[in-house]
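Engineer: Structure here, sequence nowhere to be found:
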């Protein structure tokens, strides 16, 4: 595995809590809002232009975090990883990078005030449509 670009950003040492709130996603959104408030990133009173600008910034951050997550994995198509196995620590670092991606995704939801219930209902509607598209031959290029 290649050397980590920012070894000071390792998270494998963090203690992972084992709590089970009723609405996990709503709790995470609330905690993300608290984080943004603590950072001084007020998202409550943005006008549409500011929302679009902040969304673009969060999207760029999300893309960067996706690349960081990929860098934690053996992904290069020109290399042979047949005998390579991720260690528990390497996999945990990958999981934390995915968590970083999720931070920025939640910021994007918060910008446009999309709460857990709304996202759930959008997801269920879109998932049904995707299944219907597959039944209509969408995935077969029709």
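Structural biologist: Arrived safely. Because the structure is a prediction, the values reported are computed rather than measured. Residues are numbered from 1 along each chain as shown.
Engineer: isn't residue 61 right up against residue 104?
Structural biologist: Yes: using CB atoms under 8 Å, residue 61 is in contact with residue 104, at 4.6 Å. C-beta coordinates here come from the backbone N, C-alpha and C atoms, glycine included.
Engineer: Confirm for me that residue 107 is in contact with residue 39.
Structural biologist: No: the criterion here is CB under 8 Å, and residue 107 misses it with residue 39 at 10.2 Å.
Engineer: Can you give me every residue that contacts the residue nearest to the spatial centre of the chain?
Structural biologist: Closest residue to the average C-alpha location of the chain: residue 102 at 2.5 Å, with CA atoms, centre = their mean. By CB atoms under 8 Å, 6 or more residues apart in numbering, residue 102 lies in contact with residue 28.
Engineer: Quickly note the distance from it to residue 76.
Structural biologist: 25 Å (CB to CB, to the nearest Å).
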